[in-house]
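Asks: show me how the following folds:
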Amino acid sequence: MNPPPRSSRFAMGDFFDDYVRRIFPERAQAQGGDWQWPGDEWADDRLREATFDCLGAAFLAADSHVIEIGPGSGKYTQMLLDRTPASITAYEISPAFIGSLEARCADHVAAGRLAVRHSAWTDNRSLIDDFTKGGTGCNLFFGIDVFLMMDFQSALTYLISAACLLQKGGRFVGTFGDGGSDSGWARMLRDCGRHSAFDTAPSTRFHWIDEPILRGALERLGFGSIEIVHGPDGGLDIARLYVSATLDRPMPIEAALQILTPAGDSTNRPAPTA
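Replies: Numbering: from 1, shown residues only. Predicted structure coming up:
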């Protein structure tokens, strides 16, 4: 199977669809067939357990609800559903990954504990618009190895959404590219030969950030008890910042939507009309 042509319409969802349908089967076969689900090869068992510990999921109860951003085929989704009584709404951009996720967690889908949404959004407020249809907030909002593939301006929209959708006392957990570490700097230098500054096509480019920017943004958004630690080695050959924070001052929905509603952009496209 040939990969799809790289055009301006080849978006990140297509990029990961191609990985699931074409690249992963080739890699799994070459490895000997031990990888059952696409994406599991990106983290070894030790890293998965260390990452799950960072979720601090022991507080979740049967009436708790979780938002997961970018679950892929669901390695952390499954761990959370198997080890806690909470329910999850997962948002994923790749239809191929959604198929793997729903197959992997089929029993939880059938039991009504996992709802999967295709996040083919056209603006930054769509997550809030979709989730608030249920009329309730969430207790945990997390994304593992998804924010590190976004520039921080894009990741900020998810932090704002978390500040709006989490209940008071709820937790945000995410991983970001650790630009302040020696290993992060080494990865940046290695990637100079892999990523062109002039290539806008979807790719495995990572986006780097440092602790002060993250801490300052979370504090301004109403989060406290902020912990930012350098993550364990293993998987992906990348330095991670593991970020967890508790929401002290929830952001009113109206304030979040005012920030996130499209109002023109840097490409000089006109703002949408009512």
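
Asks: and the strands in the stretch 151-274 of the chain?
Replies: For the stretch 151-274 of the chain, the strands defined by DSSP state E, counting those that start in this stretch occupy 166-178, 208-209, 223-230, 240-247.

Asks: longest helix of this structure?
Replies: Counting by DSSP state H, the longest helix found in the chain is helix 152-165.

Asks: returning to that earlier point: now render the strands of the stretch 151-274 of the chain as a markdown table, adding mean pLDDT and distance to residue 39.
Replies: Quick note: C-beta positions are derived from backbone N, CA and C, even for glycine. Listed next are those as a markdown table, based on pLDDT from 0 to 100; distance: least, C-beta to C-beta, whole Å:
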| stretch | mean pLDDT | distance to residue 39 |
| --- | --- | --- |
| strand 166-178 | 96 | 14 |
| strand 208-209 | 92 | 22 |
| strand 223-230 | 94 | 23 |
| strand 240-247 | 95 | 16 |
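
Asks: winner for burial among the ones you listed?
Replies: Greatest average neighbour count among those goes to strand 240-247 (a mean of 24), per mean count of other C-beta atoms under 10 Å.

Asks: relative to that one, what are the paired strands and their orientations?
Replies: Partners of strand 240-247 in the sheet, by DSSP bridges, are strand 166-178 (antiparallel), strand 223-230 (antiparallel).

Asks: that one vs helix 152-165, what angle?
Replies: Using axes from the mean of the first three to the mean of the last three C-alpha atoms, to 10 degrees, the direction of strand 240-247 lies 30 degrees away from that of helix 152-165.

Asks: residues making contact with strand 240-247?
Replies: Under the contact criterion C-beta atoms under 8 Å, 6 or more residues apart in numbering, strand 240-247 has outside partners 51, 54, 56, 145, 148, 162-163, 166-178, 209, 211, 214, 218, 222-231.

Asks: just the CA atoms of the worst-scoring helix or strand of the chain on mean pLDDT, as PDB, please.
Replies: Across the helices and strands of the chain, mean pLDDT, DSSP states H and E gives its lowest value to helix 182-191, namely a mean of 86. The C-alpha coordinates for helix 182-191 follow below in PDB (Å, rounded to 0.1, in the frame of the first residue of the first chain):
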ATOM      1  CA  ASP A 182      20.200  18.300  28.500                       C
ATOM      2  CA  SER A 183      18.400  15.300  26.900                       C
ATOM      3  CA  GLY A 184      15.800  17.600  25.400                       C
ATOM      4  CA  TRP A 185      18.500  19.900  23.900                       C
ATOM      5  CA  ALA A 186      20.300  16.800  22.500                       C
ATOM      6  CA  ARG A 187      17.100  15.700  20.800                       C
ATOM      7  CA  MET A 188      16.500  19.200  19.400                       C
ATOM      8  CA  LEU A 189      19.900  19.100  17.800                       C
ATOM      9  CA  ARG A 190      19.400  15.600  16.400                       C
ATOM     10  CA  ASP A 191      16.000  16.700  14.900                       C
END
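
Asks: now the angle from it to strand 223-230?
Replies: Using the same axes, to 10 degrees: helix 182-191 against strand 223-230 is 70 degrees.
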